[in-house]
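I would like the atomic coordinates for the input below:
(chains A and B)
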There are 2 protein chains.
Amino acid sequence: MTNNEIHIHPPVAVAEWIGQAADGFLRLLDQTLLPTETTYLDCRSREDVFDAIRRLVVRGAPAIGVAAGYGMVVGSQVIPNDADFPAELETLAAYLEKSRPTAVNLSWAVRRVLQRAKSTSGDAAAIRQAMLEEARAIHAEDEKMCLAIGRYAEKLITPGMGVLTHCNAGALATVGVGTATAGMYLAHAMGRAFTVYCDETRPLLQGSRLTAWELQQAGVNAVVITDNMAGWVMKEKRVQLVIVGADRIAANGDTANKIGTYSLAVLAARHGIPFYVAAPYSTFDLTLKSGEEIPIEQRGSEEITAGLGRRTAPEGIATYSPAFDVTPAELIYGIVTDRGIAQPVKEQTIRGLMA
Amino acid sequence: MTNNEIHIHPPVAVAEWIGQAADGFLRLLDQTLLPTETTYLDCRSREDVFDAIRRLVVRGAPAIGVAAGYGMVVGSQVIPNDADFPAELETLAAYLEKSRPTAVNLSWAVRRVLQRAKSTSGDAAAIRQAMLEEARAIHAEDEKMCLAIGRYAEKLITPGMGVLTHCNAGALATVGVGTATAGMYLAHAMGRAFTVYCDETRPLLQGSRLTAWELQQAGVNAVVITDNMAGWVMKEKRVQLVIVGADRIAANGDTANKIGTYSLAVLAARHGIPFYVAAPYSTFDLTLKSGEEIPIEQRGSEEITAGLGRRTAPEGIATYSPAFDVTPAELIYGIVTDRGIAQPVKEQTIRGLMA
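Okay, here's the model as predicted:
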């Protein structure tokens, strides 16, 4: 059986349109309650959608984009049929964009649905229906993108292997099978047995709260470790492959991802373990020559000193908290995209995929 | 000014005998309440001492030894003057040893005070006084050991430097200025300005809860980072020296220490940063040829999945939780002991210090 014959679904519905027509609503998995509660939140107004995105009920660039796309449809439901529809939709779009101003995908999805509305002729009902179609198209494209990554990545996973991942570049960050996790879900569906070591990923614990949870939902054998155990787990030969996601990839292959990724890449190199990045090709930013041009966001102290339900560092102590780090291309064995694998990681192979 | 002229005191009294004579009591800093509360616990009975050691009010091999030594004196106070003193003391020693059965230092200290009692002639008062002298000797030796390590280690710390440490091999684990921290306190007392990056050290957070706290008490500039930030902090050239403690060192220099130490050593090597271990020479176990003979304790799941005040991983998830790892001698730049520095790290230099 080739992997093209396998069609798998995400382990959980992160964002879903309930109802056939544009008078339906958006249902989101409430990720703020994971891993202890699996609760869905129904968004029936633009305020519901705004609040859900702002509170991180839905997170991960692709999933936010899909939610915002559906949010345009939900938000349009209260616009009177005789109103100035384009103007009202502009207001709605601007409102939703403010829910997470730095999320590029959010703005992109909102603008795409808005554009579709503007280019649709007919009454309000026809426009809403076209908007829903566009939101669904964004949804379907994301699912397809994940599966495409998975079809390349599953080949890297062999029976009995240990695979290490960091943070959550999983199904929960998309509306498909995730990016770093896509190959895992496909290999699992093909009957392969393997173990995924999930770094818990301090400070916000996306690895233990989210990645371990979604793999568990799908029946994939997941083992949680603290971040500082990764090197020793490699030394003990428990891991033969590392796959992580990416937030931004420069033209030369330097990759920005969750803090801790760089350390993993160094450790993997020391142990001769292939280190892969998995991400949609849209993650490449060819305007950046190298990772040195990627700015590193600094996070507040509280996530380190009191982010876990109680205070774990003294009052008044200094912290240093980069949200991301940059892994140099030389430490990356390959970059798996929905268009193929860039390998070796260098500008030519990357531009080859983008062409 | 040479560092021999500097005499510094620990930033806090971890274990202290209150009163001049043997009718005093043991006062312990309650480390279970750090970093939010600085509370002292007075131990006036053998049960108090037993409970304090068992509950980790006092932790760290040297500090436990000192507490147990004083515990022998406290426990002897209720023995009637006309009792079979040696037999009663044997019972007391056996009782205290059970408070933390795996703590080698505890048994060593208890037996040493017991031996002193047995070799003392005179009445009960004279024996108790001799026991207190012995407990105080253990205390003084530990302080001296820390200071001796510090006199070698402070030379490694230059003005403006960033020093990274892991877990707590600090004053709180001893009754002196600690082992990995000893050079820091001395350099600070000599007026040198530098920054200590403290790995928070999951799962039990000794770095953020304890090391950051004690450095803050002493006015040393401490910055807390999560464990997965260490590599990036090195990449950004914020760190020029790594100093960690040790639980056990094999004859060839392979060193067992808190999980995460091995990763730090690999990262330091990648960045050309000297990686030092600081430990009393008694940490060497020459009966072990190499680190491969050091067994690695496994910890329970809860410390990873729910160790921080709330559940951070799904119910039923697997974990892997080695308490320690072993750093190969080849990655260790030098081992700083109270007898000098073993450098290069190999059996000859280590045996040279032991001779």
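
what parts of the stretch 251-355 of chain A come near chain B?
Neighbours of chain B within the stretch 251-355 of chain A, by Cβ under 8 Å from any Cβ of the partner chain: A:259-260, A:262-263, A:266-267, A:270, A:304-305, A:308-322, A:325. (C-beta placed from N, C-alpha, C; glycine too.)

can you give me the neighbour number for A:Phe155?
No, residue A:155 isn't Phe; it's Lys. 14 (other Cβ atoms under 10 Å in any protein chain shown).

quick one: the helices in the stretch 101-250 of chain A?
Taking DSSP state H, counting those that start in this stretch as the criterion, the stretch 101-250 of chain A contains helices spanning A:104-118, A:124-153, A:182-189, A:206, A:212-218, A:230-235.

I'd like to know which elements the longest one is packed against.
Helix A:124-153 makes packing contacts with strand A:15-18, helix A:61-76, helix A:104-118, helix A:182-189, strand A:275-278, strand A:334-337 when contacts are defined by 3 or more Cβ pairs under 8 Å, 6 or more residues apart in numbering or on different chains; DSSP states H and E.

so the fourth one versus helix A:124-153, what angle?
Spelled out, that is helix A:182-189. Counting by axes from the mean of the first three to the mean of the last three Cα atoms, to 10 degrees, helix A:182-189 lies at 80 degrees to helix A:124-153.

name the nearest residue to A:Leu245, sequence neighbours excluded.
Check again: residue A:245 is Gly, not Leu. Using Cβ to Cβ, 6 or more residues apart in numbering or on different chains and skipping residues adjacent in sequence, the residue nearest A:Gly245 is A:Ala169, 2.3 Å away.

check contacts around that neighbour.
A:60, A:178-181, A:244-246, A:257, A:278-279 (Cβ atoms under 8 Å, 6 or more residues apart in numbering or on different chains).

now those residues in TSV, with pLDDT?
Putting the contacts of A:Ala169 into TSV (pLDDT from 0 to 100) gives the following:
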residue	pLDDT
A:Gly60	91
A:Gly178	98
A:Thr179	98
A:Ala180	98
A:Thr181	98
A:Val244	98
A:Gly245	97
A:Ala246	95
A:Asn257	96
A:Ala278	98
A:Ala279	96
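
and those, which are buried?
The neighbour-count test (16 or more other Cβ atoms under 10 Å in any protein chain shown) marks A:60, A:178-181, A:244-246, A:257, A:278-279 as buried among these.

which one of those residues is nearest to A:Arg44?
Closest to A:Arg44 out of the buried ones among the contacts of A:Ala169 is A:Gly60 (22.8 Å), distances taken as Cβ to Cβ.

any idea how far the residue nearest to that closest one when sequence neighbours are not counted lies from A:Ala124?
Spatial nearest neighbour of A:Gly60, excluding adjacent residues (Cβ to Cβ, 6+ apart): A:Ala173 at 2.5 Å. Separation of A:Ala173 from A:Ala124 (Cβ to Cβ, to the nearest Å): 34 Å.

with A:Met354 instead?
Distance, A:Met354 to A:Ala124, by Cβ to Cβ: 39 Å.

neighbour count winner among these two?
Higher neighbour count among A:Met354 and A:Ala124: A:Ala124, with 18 against 14, using other Cβ under 10 Å.

I'd say the more buried one and A:Phe85 touch.
Yes: contact status for A:Ala124 versus A:Phe85: in contact at 6.1 Å, counting by Cβ atoms under 8 Å.

care to break chain A down by domain?
With domains defined by automatic domain parsing, chain A comprises A:3-147, A:151-354.

alright, that wraps it up for me.
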